[in-house]
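Q: Sharing a sequence plus its predicted fold:
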Amino acid sequence: MKKIINDPSTAVDDALAGFGAAHPDLVQVHHDPNYVVRADAPVRGKVAVLAGGGSGHEPLHAGFVGPGMLDAAVPGPVFTSPTPDQIFAAIQAVDASLGTILLVKNYTGDVLNFETAAELAAAEDIEVEAVVIDDDVAVRDSLYTAGRRGVGGTVLAEKIVGAAAERGADLASLATLCRRVNANVRSMGMALTPCTVPHAGKPTFELGDNEMEIGIGIHGEPGRERLPLEPANAIVERLLAPVVEDLPFGSGDRTLLFVNGMGGTPLMELYVAYAHAEKVLAQRGIGVERRLVGNYVTSLEMQGMSITLLRLDDEMLDLWDAPVQTAALRWGR
Amino acid sequence: MKKIINDPSTAVDDALAGFGAAHPDLVQVHHDPNYVVRADAPVRGKVAVLAGGGSGHEPLHAGFVGPGMLDAAVPGPVFTSPTPDQIFAAIQAVDASLGTILLVKNYTGDVLNFETAAELAAAEDIEVEAVVIDDDVAVRDSLYTAGRRGVGGTVLAEKIVGAAAERGADLASLATLCRRVNANVRSMGMALTPCTVPHAGKPTFELGDNEMEIGIGIHGEPGRERLPLEPANAIVERLLAPVVEDLPFGSGDRTLLFVNGMGGTPLMELYVAYAHAEKVLAQRGIGVERRLVGNYVTSLEMQGMSITLLRLDDEMLDLWDAPVQTAALRWGR
Amino acid sequence: MPDSDVPMTAQDLLRVIADYQAVIAENRAYLIELDAAIGDADHGENLDRGMKAAVTRLAETDTPTPADVLKTVATALISKVGGAAGPLYGTAFLRAANAVTGKPELTGSDVAEVLRAGLTGLVARGKAEPGDKTMVDAWEPGVRAAERGVEQGRSMRDFLADAADAAEQGMLATIPLVARKGRASYLGDRSAGHQDPGATSSAMLFRVLATVVDHRV
Amino acid sequence: MPDSDVPMTAQDLLRVIADYQAVIAENRAYLIELDAAIGDADHGENLDRGMKAAVTRLAETDTPTPADVLKTVATALISKVGGAAGPLYGTAFLRAANAVTGKPELTGSDVAEVLRAGLTGLVARGKAEPGDKTMVDAWEPGVRAAERGVEQGRSMRDFLADAADAAEQGMLATIPLVARKGRASYLGDRSAGHQDPGATSSAMLFRVLATVVDHRV
Ligand SMILES: Nc1ncnc2c1ncn2[C@@H]1O[C@H](COP(=O)(O)OP(=O)(O)O)[C@@H](O)[C@H]1O
Ligand SMILES: Nc1ncnc2c1ncn2[C@@H]1O[C@H](COP(=O)(O)OP(=O)(O)O)[C@@H](O)[C@H]1O
Ligand SMILES: [Mg+2]
Ligand SMILES: [Mg+2]
Ligand SMILES: [Mg+2]
Ligand SMILES: [Mg+2]
């Protein structure tokens, strides 16, 4: 295992300390329990927006804490959901009496721990609403399974909901908005290489020199199928087809196209993919009005990418464009 | 070789096309010859700021094109300097009669090609000044060698000079400022893994599972020495010591600390390194007033990092804080 | 309950927890490996962290009742583990504790009730059914074997040994299954051919319980 | 110049360039490998791109003079190669062209002058001295051998063969050297033990020149 860390058992804490030191203008980092809040938390007069989950997906979520996006991020150990009391402590740190919305990626662990945290908050008369994000089309959904995973769509939901909260939307309408974003976003991912969870010490799976893994999530887990490596354009088409067909996206749709790297993918490759993705969508009459390209929802040092497509309406578009000031996303003022 | 590309011979062109498509608000991309200019180029009333070099270092340089930073970026093939007529075409595209400053990383190829481009420009009565960046302390400098390489310090120079140009500084004072930045910045890098140049098809060097390469540049080249892998804190100390001693930085200095990933390094690891770097500097009485953490000057998918330290004066600090609007760095307005 | 049967004390339970912690620590890498194959390579790390916390907290508790022991473990797991295993095992221990609140010792049928309550909690929380390739696939046969033993008037030592055997069989039976819950479900058919990590750590719990009772002096 | 010596024509030079392009294409991977060891793994790719461009441009030129051929190659290299090799080889060819402007054919001493002019351009541009582990280490002995041959009245065929031998010896002599110019210099002492890629592609150029002249009918 080759990592710039001191010890697998302190890596998350050390990184959080570094994150706090590197962004003193944006965030405050709390240790034991671990959470990250806006430098000016709790912000009076607005609903707090909180997201969390296992570590190893950086910049998600801490990199999105700041004006216009998240009030708090709650990082668990690597690929392990945070615990209820940790989440509850973060809720208490950001709640400003107008309630807190919890954005939860759909994994059994995350859902259960956030559920419990929400109960703890309710017991203290803090209003909370948890909304589950499940945008990954690689997973077959059904009442009898764990359902789809939350992946790239999470960033878009955090940005859009965060912007609405900043403008003063109330808890119920934020939850409705968040569900609307989730209902209109789809993702699919692939990997060229596995990643190594620090405490595991070796890669989660092995891939041959000429193989790729299709339908991965963001926890270094194996995907749905293993295929021979293909040129970028073929990979893009392979990821986009199920994304487009699932919603389905159709001619005339206005979209946000998000090409996401899994952590170890150079920008050059993401832009190669982006170029073709936009072309493929254009051929289907799907218009790309906003774009995001980069390593935003990652699996440690994994090489690979995911493609996320969000159908925009005027409100979402306006909220996407609204100012944001975080470590990983910044624009406007 | 595992990459999301279509063909080694089209990777740079494809990525540039994607970059242009993904950032239509910021840049225009020109193909054959390849260069990237601000969407509003040429910008009247200011000196143009141009940088360039081999591709494979993304987001350097195209990711820094936009208001407050570069007017043009000129990307060569992977790890190969662009050609003089390519650079000259970019100069012509951005020069607004107040001259153009060329920021050149100190590599024989870059220096020779930019030199020739400058001659071509002079022949057309375009005023140009080329300033060479050579901040890498891993390389012993002497009159009889190729001298030090330009590495992480390049981003800082581009930001600071770009901000000054935006404020209307003239060509001569920009060149002086750029030399001052270069005189006050030092860097040192290391790698955990090599990278694979697309046209070469295999890694430039091999590293054992328990080895790291110290004193690397940004071209996937082997470094000055190979050592057993160490914990993050030890690596940070190993990189910082020669950086601090070279200038030297001393107690009371105000600095910008830049922890840079080589392309495939997850943020978690960079923040682990950042945390310790700031501590080590504090112990020496060196104050960190500004920070940058991320994959900004990269070697394709290489895992590793470099640490860059810049001694700030009031003017540099003010220019660093000035608004910037590029694909890779954004703040203010 | 056969008259000869010695009830289970809080001390016995403390021993169970201590031994289970040791077993998990020993099998940390093994559980990580199982989870790497069809999950995210953290089950061993998660439980190891949680059980260490449980043991630490128990060391700070004076003269607990059986319910106190179970509840302390529950809260330690809930507040230290995270992931799916934390709330699931945590709920199981919490419901188990609630089932025997106030009792100074546990008879054989109390023990079977404790196990049943744990399973009920697990299912209430995780909504998994037998055959979904989860912890439930070890718990369910384990609990049923214990209850059958009680009905048949077998000794605690004997029916817990049966329960451990049944849990282990349930664990092995997860191998061919296609997962319908938890992360392994994302793999679809590719999840078949691998043993479920949660069922494995659960079978270990049943085995420790049987062994401690077996070795009582 | 021995009277028997046939002068070098523009056609001969076109053949040299065509053959050199083929040699570089064949040795692309080898030159990349040499550059990977002490540089950045692009020398073969760079020259291959440049020579292909040179050949394409020459195909568009009607009845050129020797200087035209050399100049076309120079501008193709300068505008298509980039890196260190582009301007260095480009300047060498440009200076070589300037040395024989207007001449319809090149005598033996013209050829030696062309080579000297190329080397002078190379050194003017790159500031390398013999022993710095660069192209110069192949060019310098190659040019000296050619000049010595002219002085001694040897035939063009013979002195170009000598020059190619000398260039190859110079190339091999780069192996133990510690680089003082170019990327290899960044490696410090670790650059020793590797053959310089630029010296290698230069020796190939001298060899192609000798072979073309040797094979003339
Ligand atoms: N819904 C569920 N009901 C019961 N057990 C479950 C459920 N989901 C997952 N599990 C169990 O949890 C185990 C994984 O636990 P762990 O790896 O610690 O958490 P995570 O899946 O969050 O990484 C699985 O092997 C499975 O036995
Ligand atoms: N200053 C110099 N003078 C002469 N030759 C040089 C000089 N610097 C580098 N070279 C030659 O250039 C070769 C490398 O060329 P190439 O790989 O194409 O360019 P780059 O070094 O820019 O990647 C080296 O092997 C060396 O022979
Ligand atoms: Mg997990
Ligand atoms: Mg090069
Ligand atoms: Mg797991
Ligand atoms: Mg090279």
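A: That came through, no problem. Ligands and ions are numbered 1, 2, ... in the order given.

Q: where exactly do the helices run in chain C?
A: Secondary structure of chain C by DSSP state H: the helices cover C:10-26, C:28-38, C:43-59, C:66-80, C:85-99, C:108-126, C:136-151, C:156-173, C:197-214.

Q: Nearest residue to C:T174 in space, please, no chain neighbours.
A: C:D196 (4.0 Å; C-beta to C-beta, 6 or more residues apart in numbering or on different chains). (C-beta placed from N, C-alpha, C; glycine too.)

Q: List the residues that contact that neighbour.
A: C:D196 makes contacts with C:L34, C:I38, C:K133, C:T134, C:M135, C:D137, C:M171, C:T174, C:L177, C:A179, C:G182, C:A184, as judged by C-beta atoms under 8 Å, 6 or more residues apart in numbering or on different chains.

Q: So which of those reach ligand 3?
A: On the criterion C-beta under 5 Å from the ion, none of the entries of the contacts of C:D196 sits beside ligand 3.

Q: Looking at those residues, which one is closest to A:P323?
A: Nearest to A:P323 among the contacts of C:D196 is C:G182, at 39.7 Å by C-beta to C-beta.

Q: and the gap between C:V6 and chain B?
A: Distance of C:V6 to chain B, given as C-beta to the nearest C-beta, to the nearest Å: 51 Å.

Q: same deal with C:L34?
A: Distance of C:L34 to chain B, given as C-beta to the nearest C-beta: 24 Å.

Q: I'd like to know how many residues surround that residue.
A: 22 (other C-beta atoms under 10 Å in any protein chain shown).

Q: Just confirm it contacts C:D40, I think it does.
A: No - using C-beta atoms under 8 Å as the test, C:L34 is too far from C:D40 to be in contact (11.4 Å).

Q: circling back: got JSON lines for the helices of chain C, with distance to B:D314 too?
A: Formatted as JSON lines, these follow (distance: least, C-beta to C-beta, whole Å):
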{"stretch": "helix C:10-26", "distance to B:D314": "56"}
{"stretch": "helix C:28-38", "distance to B:D314": "53"}
{"stretch": "helix C:43-59", "distance to B:D314": "49"}
{"stretch": "helix C:66-80", "distance to B:D314": "49"}
{"stretch": "helix C:85-99", "distance to B:D314": "52"}
{"stretch": "helix C:108-126", "distance to B:D314": "59"}
{"stretch": "helix C:136-151", "distance to B:D314": "66"}
{"stretch": "helix C:156-173", "distance to B:D314": "68"}
{"stretch": "helix C:197-214", "distance to B:D314": "58"}
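
Q: Next, the residue nearest to C:T174: phi, psi?
A: Main-chain dihedrals, C:D196, degrees, to the nearest 10: phi -70, psi 130.

Q: for stretch C:76-86, how far is the first residue from the last?
A: This stretch, stretch C:76-86, spans 9 Å end to end (C-alpha to C-alpha, to the nearest Å).

Q: Show residues contacting that stretch.
A: A:54, A:76-77, A:80-86, A:107-109, A:112-113, A:116, C:42-43, C:46-47, C:49-51, C:53-54, C:56-57, C:87, C:89-91, C:93-94, C:126, C:182-183, C:198, C:201.

Q: can you rerun that using 7 Å?
A: A:76-77, A:80-85, A:108-109, A:112-113, A:116, C:42-43, C:46-47, C:49-50, C:53-54, C:57, C:87, C:89-90, C:93, C:182, C:198 (C-beta atoms under 7 Å, 6 or more residues apart in numbering or on different chains).

Q: how close does A:D134 sit to B:V181?
A: 48 Å (C-beta to C-beta, to the nearest Å).

Q: So between those two, which is more surrounded?
A: B:V181 (28 against 23).

Q: any idea how far B:T83 is from the closest residue to that one other than its chain neighbours?
A: Spatially, and ignoring its direct neighbours in sequence, B:V181 is nearest to B:A157 (4.6 Å; C-beta to C-beta, 6+ apart). Distance, B:A157 to B:T83, using C-beta to C-beta: 23 Å.

Q: Please apply the same query to C:A22.
A: Plainly put, C:A22 is 68 Å away from B:T83 if you go by C-beta to C-beta.

Q: Which one of these two is surrounded by more residues?
A: B:T83 (29 against 13).

Q: what's that one in contact with, if anything?
A: B:N113, D:I78, D:S79, D:K80, D:V81, D:G82, D:G86.

Q: In a markdown table: the residues you listed, plus pLDDT, neighbour count and distance to ligand 4.
A: As requested, these are arranged in a markdown table below (pLDDT from 0 to 100; neighbours: other C-beta atoms under 10 Å in any protein chain shown; distance: C-beta to the ion, whole Å):
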| residue | pLDDT | neighbour count | distance to ligand 4 |
| --- | --- | --- | --- |
| B:N113 | 96 | 32 | 11 |
| D:I78 | 93 | 24 | 15 |
| D:S79 | 91 | 20 | 16 |
| D:K80 | 91 | 22 | 14 |
| D:V81 | 93 | 32 | 10 |
| D:G82 | 92 | 32 | 8 |
| D:G86 | 95 | 29 | 10 |
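
Q: Contacts only, for the residue in the stretch 151-300 of chain A positioned nearest to chain D.
A: Distances between the stretch 151-300 of chain A and chain D by C-beta to the nearest C-beta are smallest at A:M268, namely 15.3 Å. Applying C-beta under 7 Å, 6+ apart to A:M268 gives the contacts B:A11, B:A15, B:S55, B:G56, B:E58.

Q: Restricted to helices, list the residues you listed.
A: Those of the contacts of A:M268 lying in helices (DSSP H): B:A11, B:A15.

Q: could the contacts of A:M268 be laid out in a markdown table, adding pLDDT, neighbour count and distance to B:A277?
A: Output for those, formatted as a markdown table (pLDDT from 0 to 100; neighbours: other C-beta atoms under 10 Å in any protein chain shown; distance: C-beta to C-beta, whole Å):
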| residue | pLDDT | neighbour count | distance to B:A277 |
| --- | --- | --- | --- |
| B:A11 | 98 | 24 | 33 |
| B:A15 | 98 | 28 | 31 |
| B:S55 | 98 | 25 | 29 |
| B:G56 | 98 | 31 | 25 |
| B:E58 | 98 | 25 | 24 |
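
Q: can you tell me the helix or strand for A:L156?
A: helix A:153-166 (DSSP states H and E).

Q: Quick check: the nearest residue to A:R290 once chain neighbours are set aside vs ligand 4, distance?
A: Spatial nearest neighbour of A:R290, chain neighbours left out: A:L256 (4.2 Å); criterion: C-beta to C-beta, 6+ apart. Distance, A:L256 to ligand 4, using C-beta to the ion, to the nearest Å: 37 Å.

Q: helix, strand or coil for A:L256?
A: strand (DSSP: H, G, I helix; E, B strand; the rest coil).

Q: Which positions in chain A make contact with chain C?
A: A:76-77, A:79-85, A:107-109, A:112-113, A:116, A:139-140, A:144-146, A:149, A:197, A:199-200, A:204, A:217, A:219-222, A:224 (C-beta under 7 Å from any C-beta of the partner chain).

Q: now do 8 Å
A: A:54, A:76-86, A:107-109, A:112-113, A:115-116, A:138-140, A:144-146, A:149, A:197, A:199-200, A:204-205, A:217, A:219-225 (C-beta under 8 Å from any C-beta of the partner chain).

Q: In PyMOL, select just the buried ones from those residues.
A: Here is the PyMOL command that selects only those of the residues of chain A next to chain C that count as buried (16 or more other C-beta atoms under 10 Å in any protein chain shown):
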select buried, chain A and resi 54+76+77+78+79+80+81+82+83+84+85+86+107+108+109+112+113+115+116+138+139+145+146+149+197+199+200+204+205+217+219+220+221+222+223+224
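
Q: Return the subset of the residues of chain A next to chain C lying in helices.
A: Counting by DSSP H, the residues of chain A next to chain C place A:P84, A:D85, A:Q86, A:T108, A:G109, A:L112, A:N113, A:E115, A:T116 in helices.

Q: and the stretch 101-250 of chain A, which of its residues are near ligand 1?
A: A:T108, A:G109 (C-beta under 6 Å from any ligand atom).

Q: those strands in the stretch 101-250 of chain A, which residues are they?
A: Ranges of strands in the stretch 101-250 of chain A, per DSSP state E, counting those that start in this stretch, are A:128-133, A:185-191, A:211-214, A:225-228.
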